[in-house]
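Asks: what's the 3D shape of this:
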Amino acid sequence: MFESKASGSASAVLSVAAALMAGLVLALPVLAADETEYRECSPEGTVCFVLTTENQVATYRVERGGEDVIAPSRLGFMLRGAGKWEHGMTLGEPTRRSHRETWEQPWGESRLVTDHYNEIAVPITEGGKTGRTINLTARVFEGGVGFRFGFPDQSQLSDVMIDEEMTEFTIAGKAEAWWVPGGEWNRYEYLYNTTPANEVTTAHSPITFRREDGLHIAIHEAALADYSGFWLQRLDGQRFRTRLAPSSQPWKVRRAAPFTTPWRTILIAEDAPGLYAASDIILNLNEPNRLGDVSWVKPHKYIGIWWGMHLDQWSWNDGPKHGATTENTLRYIDFAAEHGFGSVLVEGWNQGWWSESGRNFKFAEAYPDFDMDRIAAYAKAKGVEIMGHHETAGNAGLYERELEEALDYYQRHGVHAVKTGYVADAGGVLREDPDGTEQWEWHDGQYMARHHVLVAERAAAHRIAVNAHEPIKDTGLRRTYPNLLTREGARGTEYNAWGEPANPPSHEPTLLFTRMLSGPFDLTPGIVSLEGRGGRAIPNTLARQLADYVVIYSPIQMAADLPENYVKHPDALAFIEQVPVDWEQTRVLDGRIGEFAVVARQVRGGKDWWIGGVTDSKQREAVIDLGFLEPGKRYIAEIWRDGPGGGIDGDRFAMVRERRTVTAGDTLTLTMESGGGFGMSLVPQS
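Replies: Sure thing, here's the model as predicted:
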């Protein structure tokens, strides 16, 4: 750590001289007479956060190896009724601390997470009559930085209404970006754009940049709970600014002081695999588990009455095509019990489908052809659970009013997980004011940030876990509320049924280094028929559908296809039956964003490893160094890989299932055909 505080140019020169005498090689500017600079570096000194004032505007930058990653970037707020908080700023005295701990996840990509950082907290005070102070706290890790603002209780700023947060991120060094648009109608469900950074418009986070020198940078946020989520708006060149999601009210955020904002996060790594490893920072910036004993939260695989709707064979609403019938559900329970699936998701069982803005939904009232009592008793006898479903059509207000009744209904019927849904265009979330006036909110505004926390807390009181679809983005809140098992928040498998276009083969190797930096994703893989609506060909191979179970992490994984299709593909079903969903540790062995990825995960509490590999539309050779295996042990490698003549332009079903004996000293080379991949288990011999 090094601090430079200057009251004049002579003091600045003396500070630099002192630094050089101490053997520190630092490129420090000579500060103007009215400027102050504070620096905090990561425990090993790799990454540094520098806070200063330029022309009395609070400004920060982030360095790695002594070079800028984030060039000088401004900080500020637009406060309703109080104007800008930006100019005339002075930095107060900093407080510093260091922290190191290793904590255990109840479930996750890795059981143990190391939280190691140095922290600096600095009050920033506005000059003039108001003298308003906002505190900035930065935590500096080897893999990046998190910083947030704290609004202390002060008479001149107690009822805080924020029109805009003006946090800037200026990317240093020419870069390209992978991003989806923010503020558009379809929430987060877009194919990723790949453009020069200076051609981004407004983007959701996480957004990933790769500089010409190969350095990877991802910008996101952590611990979004009672605040508006931000979009990242490009101002000019490679300079970006937060743009808070709108509210139905004149302001975007309203809070009573004291409070803190979410953390603004910058992940930094030499390559794409390193960026994925750095994403533990998002978890570490969230508060520890508030729920206490969460042993009732069970990672598992599930099947469901779902894909048939996307194929247009069934309907969610009642009628001649209704999917969620008693007979259908009993059949699914039998299949789940026979093949070891933990639960059966049932969509469309309750009254109200499909009403405009969800005004007619009844969350505890079944259609006449769905006997919940009989189904619950049958599932219990078979050792299978029902995964509930609460679609709201974006009517979050109605859902909140009926939430206790809905959750109590599920608890009484032995339901321990619920898939929630908010299908509505962006800006189409409906709630009501106390006087009954209808208001419209955004999926990522402050109201919905509060809503998702409310649902998590109330569901936990009923021992129910949550799988949120059409959600607010993931920001690591699963650490605080471990019943937040997974969520959507990106283009899922349903787009392979009817999307125009379908998800291309580059989708998953892009997701891993963008959306997956934020947390688990309910992709719903396993479409072994490789067919969408009307026989539409899915641009994947059979082995690729299996690889997704390892590459795209979720603690609950769906076998999304129809049961009769799994019967037709027993080798694929065998993989899905065996692959775990909860992991001891994870390693991205190789990968390049948008092109390919190879991921290894060790089963939680065991010695077995599983490896998945995916490629884009280009055939590739995956070279896998098995040096991470336990030395001196022999492993049986069972491999499901693309077969000769396979690939999306060949026989998509061509798949080889084989066994080999390997050790830690071996290297495997596997061919991933176009749109293909592989899955592999590695089991030590006793």
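Asks: least trustworthy helix or strand in the protein by mean pLDDT?
Replies: When each helix and strand of the chain is scored by mean pLDDT, DSSP states H and E, helix 9-21 comes last, with a mean of 33.
Asks: For stretch 230-237, buried residues please.
Replies: F230, W231, L232, Q233, R234 (16 or more other CB atoms under 10 Å). All C-beta atoms are positioned from the backbone trio N, CA, C, and that covers glycine.
Asks: scratch that, stretch 195-209
Replies: A197, V200, T202, A203, H204, S205, P206, I207, T208, F209.
Asks: I'd like the buried residues of stretch 230-237 written out as CSV, with distance to N317 added.
Replies: Output for those, formatted as CSV (distance: CB to CB, whole Å):
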residue, distance to N317
F230, 37
W231, 34
L232, 39
Q233, 39
R234, 43
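Asks: so what's R234 bridging to?
Replies: Taking DSSP bridges, one obtains F240 as the residues bridged to R234.
Asks: Surely it and N198 touch.
Replies: Yes: at 7.4 Å, R234 counts as touching N198 under the criterion of CB atoms under 8 Å.
Asks: State the helix or strand in which G647 lies.
Replies: Assessed by DSSP states H and E, G647 sits outside every helix and strand.
Asks: In space, what's closest to it - neighbours in sequence excluded?
Replies: Among residues not flanking G647 along the chain, E673 sits closest, at 3.4 Å (CB to CB, 6 or more residues apart in numbering).
Asks: With D616 instead?
Replies: Spatially, and ignoring its direct neighbours in sequence, D616 is nearest to S506 (4.0 Å; CB to CB, 6+ apart).
Asks: what's the spacing between the one you found and T667?
Replies: Taking CB to CB, to the nearest Å as the measure, S506 falls 26 Å from T667.
Asks: These two: who's more crowded?
Replies: Neighbour count, other CB atoms under 10 Å: between S506 and T667, S506 has more, with 22 against 10.
Asks: what's the distance between stretch 229-241 and the middle of its chain?
Replies: 20 Å (CA atoms, centre = their mean, to the nearest Å).
Asks: outside of it, which residues touch it?
Replies: 73, 165-172, 174-175, 182-183, 197-198, 200-205, 207, 219, 221, 242-245, 444-445, 449, 472-473, 475 (CB atoms under 8 Å, 6 or more residues apart in numbering).
Asks: Then stretch 631-641?
Replies: 543, 546, 571-572, 575, 609, 626, 629, 655-664, 668, 670-672, 678-685.
Asks: among the residues you listed, which are in strands?
Replies: Among these, the members falling in strands (DSSP state E) are 609, 655-662, 668, 670-672, 678-684.
Asks: List only those of those residues flagged as buried.
Replies: 609, 655-657, 662, 668, 670-672, 678-683.
Asks: Give me the buried positions along stretch 74-89.
Replies: Neighbour counts over stretch 74-89 (16+ other CB under 10 Å) mark R74, L75, G76, F77, M78, L79, R80, A82, W85, E86, M89 as buried.
Asks: circling back to that earlier point, is it true that the residue nearest to D616 touches G594?
Replies: Yes: counting by CB under 8 Å, S506 touches G594, with 5.0 Å between them.
Asks: any residues in contact with both of those two?
Replies: D616.
Asks: mind listing the helices for the stretch 401-550 of the chain?
Replies: 446-461, 495-498, 507-511, 542-551 (DSSP state H, counting those that start in this stretch).
Asks: deepest of those, which one?
Replies: Highest mean neighbour count among the helices of the stretch 401-550 of the chain (mean count of other CB atoms under 10 Å): helix 542-551, with a mean of 29.
Asks: Which strand in this protein has the most residues?
Replies: Taking DSSP E as the criterion, the chain has its longest strand at strand 112-126.
Asks: Okay, now the unreliable bits of this structure?
Replies: 1-34 (pLDDT under 70).
Asks: Quickly list the domain ranges of it.
Replies: 34-284, 300-581 (automatic domain parsing).
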